[in-house]
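> Sequence first, then the predicted structure:
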Amino acid sequence: MKVLIGTNLMGLEKAIPDLQAKYPDVEFAYCDRPEALPAMIADADVYMGGLDRETFLAAKQLRWVQSPSSGVNNYLAIPELVMSDVILTSAVGTHSACLADSVFGMILAFTRCIKDAVLKQQKHEWAFGELRPKMLELTGSTLGIIGFGSVGRAVAKRAVAFGMHVIAVDVQPLSKPDTVEALWGLERLHELLNLSDYVVVTVPYTSQTDGMIGATEIAQMKPGALLVGISRGRIIDEAALIAALKRGHLRGAALDVFAQEPLPPDSELWDMPNVLITPHAAGGTQFEAQYILDIFCENLERFRRGDFPLRNQVNKKRGF
């Protein structure tokens, strides 16, 4: 059996010596050049890394793909992969803590005027009288979470520590933890939007969630609310969001994901004073590689035993 690791930002290939020692009957290989990937994946049984259609079609004996990302929409954009018997597993759960940390970093950047203070610092302006009256604390405010998977649950846990009320909606509203006061189905999305001072979007991107937060939904949000997009682009309708921000309906938006990435230089979002942009980097953590490898090693053991389904195995038709 051959396991191939593709180019990645996490240094997953550094684990190959340990993996090889643990599984001497498995061939482990690393492709350090994207242009060489189609040739190297041709005889691979297992692959961990990014994938496009051309590369997948070159994989003649592939049986399992481990995504190093929590989201798998790029893999599911390959119709031949979706229709095949190749197993797809995600890294869901590995980025929950760091994404939740980023959510609150973004919220605090607005509520504690950190974003404004950084801009004032660049101008050497001591803006005590301007910034202090605008500062808010989170105590007693309501946080609405759209999508209550592992990321949503991590966000809720942190929100409770700030003294916030937490409500959430999910396609499968099961097992409500004590960290949320209400967990509803998606049919009550508009109610959540109407009640929340801060709205965090954590749903995966699927055909059902494409444009899920559009003009109608944004209009249902509280005046002065803050919208945080942390999962995937295209879930929030950017044109509708820009229009609402221009009208002053929302306090602001904090976005880590966008419909087109990198965000085009001519996007209006860049220059809007009530928008905070991060470059789809909120999933970064010093523990990322280890988290992903923990899932991969557990799944490799299961795969070798024929113990299915694997951990985080994706329902390719459903999209997650």
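Perfect, thanks for sending it.
> Now do residue 204 against residue 234, distance only.
Distance of residue 204 to residue 234, given as Cβ to Cβ, to the nearest Å: 11 Å. Just so you know, the C-beta spots here come from the backbone N, C-alpha and C atoms, and that holds for glycine as well.
> for residue 282, same thing?
Distance from residue 282 to residue 234, by Cβ to Cβ: 17 Å.
> Between these two, point out the one with more neighbours.
The neighbour comparison of residue 282 against residue 234 (other Cβ atoms under 10 Å) goes to residue 282, with 25 against 17.
> Would you agree that one is in contact with residue 230?
Yes. Counting by Cβ atoms under 8 Å, residue 282 touches residue 230, with 5.9 Å between them.
> any residues in contact with both of those two?
With contacts taken as Cβ atoms under 8 Å, 6 or more residues apart in numbering, residue 282 and residue 230 have 99, 102-103, 256 as neighbours in common.
> wait, which of the residues you listed is closest to residue 12?
For the shared contacts of residue 282 and residue 230, the minimum distance to residue 12 (Cβ to Cβ) is 19.4 Å, reached by residue 99.
> pretty sure the closest one contacts residue 230?
Yes. Here residue 99 reaches residue 230: they are 5.6 Å apart, a contact under Cβ under 8 Å.
> residues shared between the contacts of the two?
Counting by Cβ under 8 Å, 6+ apart, the shared contacts of residue 99 and residue 230 are 151, 202, 282.
> Redo those as CSV? Include pLDDT, secondary structure and distance to residue 164.
Shown next, in CSV, are the shared contacts of residue 99 and residue 230 (pLDDT from 0 to 100; DSSP: H, G, I helix; E, B strand; the rest coil; distance: Cβ to Cβ, whole Å):
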residue, pLDDT, secondary structure, distance to residue 164
151, 97, helix, 17
202, 97, coil, 16
282, 96, coil, 20
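> Go through the residues you listed and say which is closest to residue 304.
Closest to residue 304, out of all of the shared contacts of residue 99 and residue 230 and judged by Cβ to Cβ, is residue 151, at 30.0 Å.
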